[in-house]
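Novice: Can you look at this prediction? I've put the sequence above it.
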Amino acid sequence: MRFVKSVKPAAAAISLISAGIPKSLDISSPTSVQSVAKTIAQNTMSFYKGTDNQFVDLDAPYYWWQCGAMMGSMLDYSHYTGDHTYDKKIATAIVAQAGPDFDFMSPAHAGQEGNDDQAFWGFTVLAAAERNFPQPRSDIPGYLELGENIWKSLASRWDTSTCNGGLRWQIFASNPNGLDYKNAVSNGGFFQLSARLARITGNQTYVEWANKVWDWTQGTGIINEYYQVLDGASSAKNCSDVNAARTPSFSYSQGIYTYGAAVMANISTGADQNKWTDRTKRLLESSQNYFTPFGDVKNSTDVMYEHACEHIDICNTDMRSFKGYFSRFVYASKMMVPSIKPTVDRLLHTSAKAAAQGCQGGSKGTMCGTKWYVDGFYGDAGLGEQMSALETIQGILIDQAKPPLKGDDIKTVRTFLSS
């Protein structure tokens, strides 16, 4: 990657507009989508106390990984709407996590960092690289190099002592909760980062690893014959305990693998392209289990829900954000595999309208709630709820956004655009 002292990112074609009332969303109007996204972005950033020059961890109950996820959502907001209000805060937050080896192994967060946490920061770092997002610190490598370092760190922990491979959920023995669990998100994160780095660099090593991780995931049954992405398996049982009847599944795992497969389809040719396109479509088809919670009644058709927990009110703080990552990655998938666009738009545009109707909580009547298939606000107005609504609504704008950059088009940019 070439370093450039000062290169300005291209200005967005869409002008900035005032914040709007979410329940008035008109998905056919880019101006309306921008206006509503601006309001929800403000609500999202209200959970973050950092400044343009200083990173601050999120308050409990939000973990370090969710801050990385949040910055990824806000990167999407900046890219899709052209509103650069938060760019300096985002950049400062990202580079503050680089760590002594520039691989996002953060000593300050070692007590909670797992492979999936590092992967989520990796998603954000690569999104910044793919958009030439400003990186103001000359003492820290550019985003692409940081992303490659994260990938190397994950690859170094590929564990063949059980299950013929795979990443464990946790990294450190001092954090034993999940140390004997090989989960979909850690391995799916590694798979997606491999695919995206293959597209960016053209390096065949990343292609080989993407294939390796996919084959391992299918071989264990974590991706089953119906293309459901199940949560994980016990390494203590040599990953023999995967079963759709008792192993939960979550929307964000489905989305992570879908985008990785879509990127692989995008960079492949011939039979390989057909294979990855088919995998993408089958993952998307299986993901419809996360929609229409009550069949065709209660106005829930094509409305997203977290089926492992939401309808019975047991979603924890993390789970309430999962729909947002599903939306982020499935919207991005249609840019890589355009043939899935009708299905993606049907599901996510319907869900966006429903999500906006649920953003009627809080003192200003604009905070978003948990359930989108009820009439008005329902549940908590936490960070996860705001991110889920934000990603699902702002993703409507992806068709007019620039696709992810690759190759020599990726540069290290030092200059911020003004809002």
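Specialist: Yep, it's here.
Novice: which residues of the stretch 1-150 of the chain fall in strands?
Specialist: 2-3 (DSSP state E, counting those that start in this stretch).
Novice: low-confidence ranges in it?
Specialist: Applying pLDDT under 70 to the stretch 1-150 of the chain picks out residues 1-16.
Novice: Over to the stretch 151-300 of the chain?
Specialist: Under the criterion pLDDT under 70, the flagged ranges of the stretch 151-300 of the chain are 296-298.
Novice: quick one: the helices in it?
Specialist: Secondary structure of the stretch 151-300 of the chain (DSSP state H, counting those that start in this stretch): helices located at 184-201, 204-220, 251-267, 270-286.
Novice: For those helices, give me JSON lines that also has mean neighbour count.
Specialist: For glycine as for every other residue, the C-beta is placed from the backbone atoms N, C-alpha and C. Converted to JSON lines, the helices of the stretch 151-300 of the chain look like this (neighbours: other CB atoms under 10 Å):
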{"stretch": "helix 184-201", "mean neighbour count": "27"}
{"stretch": "helix 204-220", "mean neighbour count": "19"}
{"stretch": "helix 251-267", "mean neighbour count": "28"}
{"stretch": "helix 270-286", "mean neighbour count": "17"}
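Novice: Need those in a markdown table (columns: distance to Ala41).
Specialist: Putting these into a markdown table (distance: least, CB to CB, whole Å) gives the following:
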| stretch | distance to Ala41 |
| --- | --- |
| helix 184-201 | 24 |
| helix 204-220 | 32 |
| helix 251-267 | 20 |
| helix 270-286 | 27 |
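Novice: Distance check, Ile256 against Gln192.
Specialist: 5 Å (CB to CB, to the nearest Å).
Novice: now swap in Gln112 and tell me
Specialist: 22 Å.
Novice: Now do the contacts for the spatially most central residue of the chain.
Specialist: Nearest residue to the geometric centre of the chain (CA atoms, centre = their mean): Tyr325, 3.9 Å. Residues near Tyr325 by CB atoms under 8 Å, 6 or more residues apart in numbering: Ala69, Ser251, Tyr252, Gly255, Ile256, Glu391.
Novice: shouldn't the third one be in contact with Ala184?
Specialist: No. Counting by CB atoms under 8 Å, Tyr252 sits too far from Ala184 to count as a contact (9.1 Å).
Novice: Quick one: name whatever helix or strand follows the helix or strand harbouring the residue nearest to the centre of the chain.
Specialist: Applying DSSP states H and E as the criterion places Tyr325 in helix 322-336. Heading C-terminal from helix 322-336, the first helix or strand you meet, by DSSP H and E, is helix 341-357.
Novice: contacts for that next one?
Specialist: Applying CB under 8 Å, 6+ apart, the contact partners of helix 341-357 are 22-25, 27, 36, 284-285, 287-288, 291, 299, 301-304, 323, 327, 330-331, 333-334, 368, 372-373, 375-376, 388-389, 392-393, 395-396.
Novice: Buried residues in that helix, which are they?
Specialist: Judged by neighbour count (16 or more other CB atoms under 10 Å), helix 341-357 contains these buried residues: 343-345, 347-357.
Novice: and these, which two are the farthest apart?
Specialist: Greatest spatial distance among those (CB to CB): Thr343 and Gln357, at 22.4 Å.
Novice: Now do the closest residue to Thr301 other than its chain neighbours against Lys182, distance only.
Specialist: Nearest residue to Thr301 in three dimensions, chain neighbours excluded: Thr292, at 5.3 Å (CB to CB, 6 or more residues apart in numbering). Going from Thr292 to Lys182 by CB to CB gives 31 Å.
Novice: Name the residue in those two with the higher neighbour count.
Specialist: Lys182 (26 against 19; other CB atoms under 10 Å).
Novice: now that one, which residues is it bridged with?
Specialist: Applying DSSP bridges to Lys182 gives these bridge partners: Ala233.
Novice: residue contacts, the residue nearest to Gly379 when sequence neighbours are not counted?
Specialist: In this structure, Gly379 finds its nearest non-sequential neighbour in Thr370, 3.0 Å apart by CB to CB, 6+ apart. Applying CB under 8 Å, 6+ apart to Thr370 gives the contacts Glu310, Cys315, Arg320, Gly358, Tyr378, Gly379, Asp380, Glu385.
Novice: what's the answer for Thr277, then?
Specialist: Thr277 makes contacts with Ala265, Val337, Ser339, as judged by CB under 8 Å, 6+ apart.
Novice: Dump those residues into JSON lines; add distance to Asp117 as well.
Specialist: Converted to JSON lines, the contacts of Thr277 look like this (distance: CB to CB, whole Å):
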{"residue": "Ala265", "distance to Asp117": "28"}
{"residue": "Val337", "distance to Asp117": "28"}
{"residue": "Ser339", "distance to Asp117": "34"}
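Novice: out of the helices of the stretch 151-300 of the chain, nearest to Thr44?
Specialist: Thr44 sits nearest to helix 251-267 of all those, at 17.0 Å, using CB to CB.
Novice: Give me the neighbour count for Ile27.
Specialist: As a burial measure, Ile27 scores 17 neighbours (other CB under 10 Å).
Novice: OK, contacts around it?
Specialist: Contact partners of Ile27, counting by CB under 8 Å, 6+ apart, are Val33, His349, Ala352, Lys353, Ile396.
Novice: one more time with 6 Å, if that's ok
Specialist: Neighbouring residues of Ile27 by CB atoms under 6 Å, 6 or more residues apart in numbering: His349, Ala352, Lys353, Ile396.
Novice: Equivalent analysis for Ile90, please.
Specialist: Met71, Met74.
Novice: how much space between it and Arg199?
Specialist: Relative to Arg199, Ile90 is positioned 23 Å away (CB to CB).
Novice: Gly178 too?
Specialist: Distance from Gly178 to Arg199, by CB to CB: 30 Å.
Novice: now do Leu58
Specialist: For Leu58, the distance to Arg199 - CB to CB - is 31 Å.
Novice: Ok, Asp180 next?
Specialist: 33 Å.
Novice: Tell me, how many residues neighbour the spatially closest residue to Ser286 that is not a sequence neighbour?
Specialist: Closest residue to Ser286 apart from its sequence neighbours, by CB to CB, 6+ apart: Tyr227 at 4.0 Å. By other CB under 10 Å, the residues close to Tyr227 number 21.
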